[in-house]
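K.L.:
3D, please:
(one chain, ligands or ions: 1)
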Amino acid sequence: MKVHGVSVSYFTGKLEAYLRYKGIRYDLAPPYGDQERIRAKVGAIQVPIVERDDGRWMSDSTPIILQLEKEHPAPSIMPGDPVVRFLAMLIEDYADEWLWRPAMHYRWSYEHDRELLSRILVDEATQHSSLPRFVKRIIIKRRQRIGFVVNDGVRRETRDHVESSYLNALRNMTAMLEERAYLLGSTPSVADFGLMGPMLRHFGQDPTPAEIMRNEAPTVYEWVARVWNASHTAGEPSFVDDFPADGAGMLKEIAETHLVQLAANAEAHGRDLRHFEMNVQGTQYRRLPVSVYRVYCLERLREAFGTLSAEQQKDVRALLPGQEAEILWQESIPAHSGYDEAREAPFNKAINVYGDGVPK
Ligand SMILES: N[C@@H](CCC(=O)N[C@@H](CS)C(=O)NCC(=O)O)C(=O)O
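P.N.:
Alright, predicted model coming up:
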């Protein structure tokens, strides 16, 4: 298969880590010279996009991975216990959608990171443009910093909190990885591949957060390489039977951050607003862009919760005790994204996370 992606991209790195583990061969190619064809095939210009040998196209890393799990079931990345599996998918969603803001912030707010990454991105992804390199770098630095940092709520008042999300992720992952090689077993699960999104190509590689990872959380630094090389070193799939006590900090953090954001985003979407506010762990975020895709994420999590037995639901609720987690099972805030209603993902037409041809 051909993966249209970029070597420094969050979601491309997540998918590549998965493909390597599964032994699925792929070629990596930047998508940006081929925009018209890609938009016609998959709806949105984002990475990764997979062009399959059978002529079909796939987008969005989560449904892509779920589809490939059906086609290549071994070695499985899905824990056998339904409660652990649900919580692994929740960790994956948090990795995709909550850690995105700190990852963008570290890359585009810090000068060394911004200078280095703008150079790499321009050289790799904008070969189709004949503008001088320095002009392309000015354009890309501005686009990324304004679009994904400033307009995503990173301001003077929120900056420390945004950074604390990264530090908390390192601490919570370390607590789990001190007990076992991967977060939920002796082989990698969907939770590990989800966290490879932020940890591989952003936090583990961009100068400022990588220095923090090496100094503060060498266990996570080592885990990044372990997941990347898991096809050579991991044995037969083996996962925990019960969600481990050392993961309590991770679940608390997810409830207090990602689930608060999913709720506030869905609530604003239901009122047809384009922006929303939220208070996360005592920090007030203003004027955040409503994301239809994240309403869809909440729909999918609720659907997965609904497939659990009454006993399993009780277990999940006991593991996620805070009030914030109730949005996973209480429908007082509706979540109707209108996205992928035919349930064709990853073969559907994709949307960018902050809109662009958003179905209402
Ligand atoms: N939900 C998608 C998100 C993909 C995504 O947003 N990728 C980023 C780069 S890592 C992107 O292409 N952003 C669009 C842009 O920068 O214009 C997935 O899981 O693959």
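K.L.:
how about the strands of this structure, start to end?
P.N.:
2-4, 27-29, 49-51, 57-59, 275-280, 283-289 (DSSP state E).
K.L.:
quick one: closest of those to the ligand.
P.N.:
strand 57-59 (6.6 Å; C-beta to the nearest ligand atom). C-beta: built from backbone N, CA, C; applies to glycine.
K.L.:
excluding its backbone neighbours, what's nearest the closest residue to the ligand within the stretch 151-300 of the chain?
P.N.:
Closest to the ligand within the stretch 151-300 of the chain is residue 293: 6.1 Å, counting by C-beta to the nearest ligand atom. Using C-beta to C-beta, 6 or more residues apart in numbering and skipping residues adjacent in sequence, the residue nearest residue 293 is residue 353, 4.9 Å away.
K.L.:
what do you get for residue 27?
P.N.:
residue 2 (5.2 Å).
K.L.:
shouldn't that neighbour be in contact with residue 50?
P.N.:
Yes - here residue 2 reaches residue 50: they are 7.2 Å apart, a contact under C-beta atoms under 8 Å.
K.L.:
more neighbours: these two, which one.
P.N.:
Legend: neighbour count by other C-beta atoms under 10 Å for residue 2 and residue 50, higher for residue 50 (23 against 15).
K.L.:
list the beta-bridge partners for the more buried one.
P.N.:
Going by DSSP bridges, residue 50 is paired in beta bridges with residue 3, residue 58.
K.L.:
identify the residues contacting it.
P.N.:
Neighbour list for residue 50: 1, 2, 3, 4, 15, 26, 57, 58, 59, 64, 346 [criterion: C-beta atoms under 8 Å, 6 or more residues apart in numbering].
K.L.:
gap between the closest residue to residue 307 other than its chain neighbours and residue 313?
P.N.:
Closest residue to residue 307 apart from its sequence neighbours, by C-beta to C-beta, 6+ apart: residue 82 at 7.9 Å. Per C-beta to C-beta, to the nearest Å, residue 82 is found 10 Å from residue 313.
K.L.:
could you do residue 332 as well?
P.N.:
For residue 332 relative to residue 313 (C-beta to C-beta), the value is 17 Å.
K.L.:
looking at those two, which one has more neighbours?
P.N.:
More neighbours surround residue 313 than the other of residue 332 and residue 313, with 18 against 8 (other C-beta under 10 Å).
K.L.:
for residue 54, report the pLDDT, please.
P.N.:
On pLDDT, residue 54 comes in at 96.
K.L.:
and residue 352, what are its bridge partners?
P.N.:
Note on residue 352: beta-bridge partners residue 355, judged by DSSP bridges.
K.L.:
isn't it up against residue 46?
P.N.:
Yes - counting by C-beta under 8 Å, residue 352 does reach residue 46; the two are 5.7 Å apart.
K.L.:
among those two, which residue is more densely surrounded?
P.N.:
residue 46 (22 against 15).
K.L.:
how much space between the more buried one and the ligand?
P.N.:
To the ligand, residue 46 is 3 Å away according to C-beta to the nearest ligand atom, to the nearest Å.
K.L.:
ok, now which ones touch that residue?
P.N.:
Neighbouring residues of residue 46 by C-beta under 8 Å, 6+ apart: 11, 59, 350, 352, 353.
K.L.:
buried subset of the residues you listed?
P.N.:
11, 59, 350, 353 (16 or more other C-beta atoms under 10 Å).
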